[in-house]
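In: just a sequence and a predicted model for now, questions to come.
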Amino acid sequence: MSGDSRGYALDISEHLFHLTTESLRLRSNETKRYQTLASLVNARAAYSCKMKEHDPETIRDHLVTIPTKGDIRIYLSISRSSADSLVEAKKRLGDQIGSNLTVGDALSILLFDYVVEQKATRILERLGLDEPKGKCVESNAIESQDENVLRLK
């Protein structure tokens, strides 16, 4: 393994496995490209400080509902900076909830945070309270075309 990446072998639960695959589905649909768990973690680890915005009780409930340890072995190779961010998040969240967390726990919380963010974005879009990505470009294009249109009554 090169010095700029870090590898993990994690034995995760079936529930956490399902969270990983759901997260990858959402991320692939968001980016319109097939994603890997490593690419998702690398993209989200820089924002790991956002995970502390969750109520400690919500984090505890998540870890009870989606246990980390299990019989499914996965291998994860992420950038050194992402690994450092994940370890820092593990420490910070552990202090926040008063428990020792594993890297797998931090991964689970990171994925939980991502899924929550995606669901919240969809709800806001449906309510018309948030513009979907790309909508501003389309509306500006429509507005500029309106100047060249003579409306018939």
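Out: Yep, that arrived.
In: okay, CA-based contacts and neighbour counts for the rest of this
Out: Fine.
In: in the protein, which spans are strands?
Out: Secondary structure of the chain (DSSP state E): strands at 5-12, 72-79.
In: okay if I get the ones you listed as a markdown table plus mean pLDDT?
Out: A markdown table is the format used below for the strands of the chain (pLDDT from 0 to 100):
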| stretch | mean pLDDT |
| --- | --- |
| strand 5-12 | 96 |
| strand 72-79 | 96 |
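In: as CSV, these with mean neighbour count and distance to residue 86 would be great.
Out: Shown next, in CSV, are the strands of the chain (neighbours: other Cα atoms under 10 Å; distance: least, Cα to Cα, whole Å):
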stretch, mean neighbour count, distance to residue 86
strand 5-12, 15, 11
strand 72-79, 15, 10
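In: now render these as TSV, adding distance to residue 61.
Out: Putting the strands of the chain into TSV (distance: least, Cα to Cα, whole Å) gives the following:
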stretch	distance to residue 61
strand 5-12	17
strand 72-79	22
